[in-house]
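Asker: Sharing a model prediction with you, sequence too.
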Amino acid sequence: VKCYFFKKKVKFLKFIIRPEGVTIDSYRVQSFLRFANFYRQFIYRYSKIIATLIVLLKG
């Protein structure tokens, strides 16, 4: 389907577009967290950096 009309939520270029605004797809955030978790031992204050991304997943 090329066109969508009267949709409340649309996925486009790995983003979710809603009337409230544009957000990133939660699957993309989860996949990045899995990737970063592999290197957590080398990242100083990893838990503080990742905390904001975890909030995105909960919301």
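Answerer: Arrived safely. Residues are numbered from 1 along each chain as shown.

Asker: Only C-alpha atoms from now on, for both contacts and neighbour counts.
Answerer: Will do.

Asker: secondary structure class for residue 35?
Answerer: helix (DSSP: H, G, I helix; E, B strand; the rest coil).

Asker: ok, now which ones touch it?
Answerer: If you count contacts by CA atoms under 8 Å, 6 or more residues apart in numbering, residue 35 has none.

Asker: got the residue ranges for the strands in the chain?
Answerer: 10-12, 15-18, 21-24 (DSSP state E).

Asker: What strands flank the shortest one, and is each parallel or antiparallel?
Answerer: For strand 10-12, the paired strands and their directions (DSSP bridges) read strand 15-18 (antiparallel).

Asker: from the middle of its chain, how far away would the strand it pairs with be?
Answerer: 11 Å (CA atoms, centre = their mean, to the nearest Å).

Asker: can you check stretch 26-39 too?
Answerer: 9 Å.

Asker: just the strands of the chain: most buried one?
Answerer: By mean neighbour count, with neighbours taken as mean count of other CA atoms under 10 Å, strand 15-18 ranks first of the strands of the chain at a mean of 15.

Asker: what is the mean pLDDT for that strand?
Answerer: The average pLDDT for strand 15-18 rounds to 88.

Asker: Need the contact partners of that strand.
Answerer: Here strand 15-18 makes contact (CA under 8 Å, 6+ apart) with 8, 9, 10, 11, 22, 23, 24, 25.
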